[in-house]
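>>> sequence first, then the predicted structure, then my questions.
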Amino acid sequence: MEVKGVTAVDLYSLVSSNEPEYKNLLKELDVVFMQGWIRTNRDNGSIGFIALNDGTCFKNVQLVYDNTVENHDVLSHLNTGAAISFFGKLVLTPEAKQPFEIRVMEFNVEGNVDSDYPLQKKAHSLEFLRDIAHLRPRANTFNAVFRVRNTLAMAIHEYFQNEGFMYVHTPLITSNDAEGAGSTFNVTTNDKDPNSFFGKPVSLTVSGQLHVEAFALAFRDVYTFGPTFRAEHSNTKRHASEFWMIEPELAFADLEDDMECIEGCLKHCIHKVLHECVDEIEFFNQRIDPTLKERLHAVVHSEFKRMTYTEAIEELKKAVASGVKFENPNIVWGMDLQSEHERYITEKVVKGPVFVTDYPKELKAFYMRANDDGKTVAACDLLVPTVGELVGGSQREERYDLLKERMEQSGCLKGLEWYLDLRRFGGCKHAGFGIGFDRLIMYCTGIENIRDCQPFPRTSDPIKY
């Protein structure tokens, strides 16, 4: 008798495939060996059923056992969370809810659980699960979230690598805050002089953009994808102190090229999730957001519209005049659009994804290219239904004199002379954007709180882990 070591993902792939070689492989399987964790265990004395998850896919495997199994009393009393390994006979069950089951022949307890194990067969609130972040990956919601996170991370690299971009690792410790916002975490040592290690004040990065621009002017199309940090005392559902950013930079590119890249990247990522996380998306659609599948498919098949900031302001003024109630109803040109305004534009006016372009220069960072009107910059924000802003990008200011003037006005020239050098030494027009990776996960899952999309979230709350 030949025993095959198999995984759940292998078995589900075999039974769902119509390929002849897979069918032949399935016929060869008789007794299999598996390992995993018990999700549920119910026994009526003569027969018992275990839902087992082995970590390789979202679906569980059904195990069946009876009182002839050696140490039946031990097996029948194993609780949720216990780790086991076992030999069993694979039985196809095409007429049942599950396409196969495994009838246990022998088993071994790899790790039992104490009686105070906090995850039980009942619904737990997301708030409760946040407090046990080391265990919550075992809960269905978070098991699905982190599978989607993995798929999206791979999709990001796949898209940019296939498009000829080079991956650059930008530093996490920097002497600038990129945006000029000042919300940084300072890096110090235990020395009495906090500047003694690096010779100047340094902080954790808020963006890899400035550094990755230097590589774009040597390798043309590049991207960085890594953690960034903001020392903001914000307790909203959309803000975290540590989060991941995707930041591509395109040489010889303008704002229109930038928007085309944004659209291509997002459509690729969402398409990947829809096709590789079918069970997870179905779970989210049933349990979290009943509109999820519909709107994700709509984004993949839609044309991303364009609207200037000025046009958006006019639409918001019309909305207020027609009786629409905003929490911030004072709509004037030059204001910073709030989430409610962004959502109104994308959900009610455009009814789909829309790039809002040409923002007032006072609202945007120093590096964005000035438009000819002297009032706006070549910037874009991608707004999507239910979330609002998902991506921000711009054409960079490539003109030395104009950039230097903006940097002097912003008070950020000192220490960034090297950034100006990029314009003196073979500079060219270029553009880039940033996608908040955790917010992208929120959008693709329907999860409303960024803390539930990160393995161990970092906010202004006390750190437990």
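Nice, thanks for sending it over. Residues are numbered from 1 along each chain as shown.

>>> pull the CA atoms of stretch 327-346 into PDB?
Once non-C-alpha atoms are left out, stretch 327-346 reads as follows in PDB (Å, rounded to 0.1, in the frame of the first residue of the first chain):
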ATOM      1  CA  GLU A 327     -21.000  67.200   7.000                       C
ATOM      2  CA  ASN A 328     -18.700  69.800   5.300                       C
ATOM      3  CA  PRO A 329     -21.200  71.800   3.200                       C
ATOM      4  CA  ASN A 330     -19.000  74.900   2.600                       C
ATOM      5  CA  ILE A 331     -17.800  74.100  -0.900                       C
ATOM      6  CA  VAL A 332     -15.200  76.500  -2.200                       C
ATOM      7  CA  TRP A 333     -12.400  76.300  -4.800                       C
ATOM      8  CA  GLY A 334      -9.100  75.600  -3.000                       C
ATOM      9  CA  MET A 335     -10.600  73.400  -0.200                       C
ATOM     10  CA  ASP A 336      -9.300  69.900   0.500                       C
ATOM     11  CA  LEU A 337     -11.900  67.400  -0.600                       C
ATOM     12  CA  GLN A 338     -13.100  65.200   2.300                       C
ATOM     13  CA  SER A 339     -14.000  61.500   2.000                       C
ATOM     14  CA  GLU A 340     -17.700  62.300   1.800                       C
ATOM     15  CA  HIS A 341     -17.100  64.600  -1.100                       C
ATOM     16  CA  GLU A 342     -14.900  62.100  -2.900                       C
ATOM     17  CA  ARG A 343     -17.400  59.400  -2.400                       C
ATOM     18  CA  TYR A 344     -20.200  61.600  -3.800                       C
ATOM     19  CA  ILE A 345     -18.200  62.300  -6.900                       C
ATOM     20  CA  THR A 346     -17.400  58.600  -7.600                       C
END
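
>>> that one: which residues count as buried?
Of the residues in stretch 327-346, those buried by neighbour count under the rule 16 or more other Cβ atoms under 10 Å are 331, 337, 340, 341, 342, 343, 344, 345, 346. From N, CA and C alone the C-beta is placed, and that goes for glycine too.

>>> now stretch 85-100
Neighbour count says stretch 85-100 has 86, 87, 88, 90, 99, 100 buried, by 16+ other Cβ under 10 Å.

>>> now the phi/psi pair for the fourth one, please.
With angles defined as degrees, to the nearest 10, residue 90 sits at phi -80, psi 130.

>>> list the contacts for it?
11, 29, 30, 31, 32, 100, 102 (Cβ atoms under 8 Å, 6 or more residues apart in numbering).

>>> take the buried residues of stretch 85-100 and keep only those in helices.
With helices taken from DSSP state H, there is no overlap with these.

>>> is it possible to get TSV of those that adds pLDDT and distance to residue 56?
TSV is the format used below for those (pLDDT from 0 to 100; distance: Cβ to Cβ, whole Å):
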residue	pLDDT	distance to residue 56
86	97	16
87	97	18
88	96	16
90	94	16
99	94	16
100	95	15
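
>>> from those, which is closest to residue 276?
Nearest to residue 276 out of these is residue 99 (Cβ to Cβ; 19.4 Å).

>>> so what's the residue count around the closest residue in space to that closest one that isn't next to it in sequence?
Computed as Cβ to Cβ, 6 or more residues apart in numbering, the closest residue to residue 99 that is not its neighbour in sequence is residue 15, at 4.5 Å. Each residue near residue 15 was counted by other Cβ atoms under 10 Å, and the total is 17.

>>> is residue 15 in contact with residue 93, as I believe?
No: under the contact definition of Cβ atoms under 8 Å, residue 15 does not touch residue 93, with a separation of 9.6 Å.

>>> where does the stretch 151-300 of the chain dip in pLDDT?
Low-confidence segments of the stretch 151-300 of the chain (pLDDT under 70): 179-182, 194.

>>> repeat the analysis, applying 80 as the threshold.
Flagging of the stretch 151-300 of the chain using pLDDT under 80 yields the residue ranges 177-182, 190-196.

>>> returning to what we had before: including secondary structure, distance to residue 118 and pLDDT, could the buried residues of stretch 327-346 go into a markdown table?
Below are the buried residues of stretch 327-346 laid out as a markdown table (DSSP: H, G, I helix; E, B strand; the rest coil; distance: Cβ to Cβ, whole Å; pLDDT from 0 to 100):
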| residue | secondary structure | distance to residue 118 | pLDDT |
| --- | --- | --- | --- |
| 331 | coil | 48 | 97 |
| 337 | coil | 42 | 96 |
| 340 | helix | 37 | 95 |
| 341 | helix | 41 | 97 |
| 342 | helix | 38 | 96 |
| 343 | helix | 36 | 94 |
| 344 | helix | 41 | 97 |
| 345 | helix | 43 | 97 |
| 346 | helix | 39 | 95 |
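
>>> can you list those residues in TSV and add distance to residue 428?
Supplementary listing: those in TSV, determined by distance: Cβ to Cβ, whole Å:
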residue	distance to residue 428
331	38
337	31
340	39
341	35
342	32
343	37
344	38
345	33
346	33
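
>>> and which of these is nearest residue 81?
Nearest member of those to residue 81, counting by Cβ to Cβ, is residue 343, at 40.3 Å.

>>> how about the closest one, what does it touch?
383, 385, 386, 387, 388.
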